[in-house]
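*Asks:* need a structure here:
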Amino acid sequence: MQEANELAERLPRSLFESAATIGVIEPAAVDITITYAQNIVRRSYYDCRLTAKDLFPPDLRSLMYLGQKATVALILCRHPDYQAYAHWYLNRLAEAKDPIALIYVLSRQINSGNLKSTVLIDHLAEVAQRQFYDAMVLYGRVLHEKYNRTDEALLLWKKAMDTAEYIPRGKSGRFYTNQFNLTISHAWEMYASVKAEQGDTKSALEAVKDGAFNLGDPEAFKILAKSVGSEGRLDEYEDYMTKAAMAADAEACHDLGSFYLELYYHGKYRGKAPSKRNGESRKDQFCKRYTINRHLRLKAMDWLDVACEGGWGPSALLMAALVREDGELDEGDGYLKVAEEDKKTAKRAKHMRPIYKDLGFQIFIDRELLDKQLAGVN
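*Replies:* Numbers count the residues shown, from 1 in each chain. Here you go, the predicted model:
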């Protein structure tokens with residue numbers, strides 16, 4: 001008991017203050033949330049044999065009552081020392097049919113390939129029938145992947161696309177997916193993916209368009225952008241990727257910045273005019289809009305800088321190299337720090353740092369760092 005109390009008292013306040021800054025809880029609720037989290041730690045420590053029925057009497061099981069408890073447990077999950085206690089509590093909440101806990105617990109099981117609880121699946125089906133968006137998407141995955149009832153899954157995803165309340169990525173209503181790296185796709189993504197597997201590319205494309213134009217989902221715009229980009233439709237690529245980037249999607253900002261940077265290098269190396277024999281390429285046609293080629297570089301840096309604000313390491317590496325060319329080594333040091341903090345680029349940034357301020361070493365941005373968005377486009 002003493003050990004449980006000591007563990008509960010050591011709960012870091014910063015864990016809950018950070019949850020308040022992203023809108024998961026109200027700032028005024030930090031103290032009471034900490035108190036409740038302490039109770040979770042104590043109960044899971046010495047009452048671990050209690051069932052959902054013991055913890056949550058049926059007459060108190062309102063969605064708001066359970067949802068508030070799930071929110072506290074999910075905040076607790078963010079600290080490695082308390083995850084085991086939070087997971088025990090979330091499993092009990094899932095048994096009590098709380099939608100958020102059900103989605104959290106079952107999505108972890110599905111993603112780990114260890115989906116086992118038929119009771120929780122039945123509970124998820126009940127929540128999906130109430131048109132809870134993520135429950136509909138997740139239960140469709142269960143139908144498709146566990147039971148091979150793909151036609152039913154497609155109908156459920158289509159219903160979610162048409163009627164259920166859509167919660168955009170990054171909003172606090174989906175914090176249980178955004179903050180814990182849970183792979184809960186949107187309905188249009190699952191529908192498009194399965195239709196593509198079935199060879200029905202027309203239906204798959206219509207689903208992606210629904211995600212883009214009806215829901216404004218940046219993931220859908222990125223898919224459309226890459227599709228038209230591979231066909232050399234650069235104006236449409238720019239339009240779709242800009243829409244994705246404007247939704248504060250760091251990857252889209254990076255891709256858009258890389259797009260402009262690739263065109264900048266194309267213009268820099270292509271010479272004064274295309275050869276008469278080969279004619280004007282699609283890249284040439286796009287670049288003609290910029291009478292000063294360097295404007296493409298500046299536009300690329302604007303978008304890459306936005307991606308850096310979102311912690312996108314690949315953009316930070318490019319920005320570090322670009323400002324190095326401009327002689328802004330101190331500014332580049334800040335970009336290197338961003339790259340070092342991103343797992344995608346930490347190793348590469350570490351290798352770049354020792355040579356960064358030695359201008360005797362040349363960094364070939366277009367060959368070494370740039371992700372080509374227009375590979376294969378003439």
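*Asks:* Sort out which residues of whichever strand or helix holds Asp239 are buried, please.
*Replies:* Using DSSP states H and E, Asp239 sits in helix 234-246. Neighbour-count burial for helix 234-246 flags Leu234, Tyr237, Glu238, Tyr240, Met241, Thr242, Lys243, Ala244, Ala245 (criterion: 16 or more other C-beta atoms under 10 Å). C-beta here means a position set from N, CA and C on the backbone, and glycine is covered the same way.
*Asks:* cool, and stretch 223-234?
*Replies:* Applying 16+ other C-beta under 10 Å to stretch 223-234 flags Ile223, Leu224, Ala225, Val228, Gly229, Gly232, Arg233, Leu234 as buried.
*Asks:* separation between Phe213 and Thr163?
*Replies:* The gap separating Phe213 from Thr163 is 17 Å, by C-beta to C-beta, to the nearest Å.
*Asks:* Reformat the buried residues of stretch 223-234 as CSV; add pLDDT.
*Replies:* Below are those laid out as CSV (pLDDT from 0 to 100):
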residue, pLDDT
Ile223, 96
Leu224, 97
Ala225, 96
Val228, 94
Gly229, 93
Gly232, 92
Arg233, 94
Leu234, 95
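*Asks:* which ones among the residues you listed are found in helices?
*Replies:* Ile223, Leu224, Ala225, Val228, Gly229, Leu234 (DSSP state H).
*Asks:* which residues sit in contact with the fifth one?
*Replies:* The neighbours of Gly229, taking C-beta atoms under 8 Å, 6 or more residues apart in numbering as the test, are Glu236, Tyr237, Met241, Phe259, Gln373, Leu374, Val377.
*Asks:* What strand or helix carries the residue lying closest to the fifth one once chain neighbours are set aside?
*Replies:* So the one you mean is Gln373. In space, and not counting its chain neighbours, Gln373 is closest to Phe259: 4.6 Å by C-beta to C-beta, 6 or more residues apart in numbering. In the assignment (DSSP H and E), Phe259 maps to helix 250-269.
*Asks:* same for the helix or strand hosting Asp31, what does it pack against?
*Replies:* Taking DSSP H and E as the criterion, Asp31 maps to helix 30-46. Contact here means 3 or more C-beta pairs under 8 Å, 6 or more residues apart in numbering; DSSP states H and E; on that basis helix 30-46 packs against helix 2-9, helix 13-21, helix 63-77, helix 83-95.
*Asks:* Could you dump the ones you listed into TSV and include mean neighbour count and mean pLDDT?
*Replies:* Converted to TSV, the helices and strands packed on helix 30-46 look like this (neighbours: other C-beta atoms under 10 Å; pLDDT from 0 to 100):
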stretch	mean neighbour count	mean pLDDT
helix 2-9	12	83
helix 13-21	15	90
helix 63-77	20	78
helix 83-95	21	91
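*Asks:* Ok, which of the ones you listed comes nearest Leu296?
*Replies:* Checking the helices and strands packed on helix 30-46 against Leu296 by C-beta to C-beta gives helix 13-21 as the closest, at 36.6 Å.
*Asks:* Can you give the distance from that closest one to the centre of its chain?
*Replies:* Computed by C-alpha atoms, centre = their mean, to the nearest Å, the separation of helix 13-21 from the middle of its chain amounts to 21 Å.
*Asks:* Report the inter-axis angle for it versus helix 30-46.
*Replies:* If you take axes from the mean of the first three to the mean of the last three C-alpha atoms, to 10 degrees, helix 13-21 sits at 120 degrees to helix 30-46.
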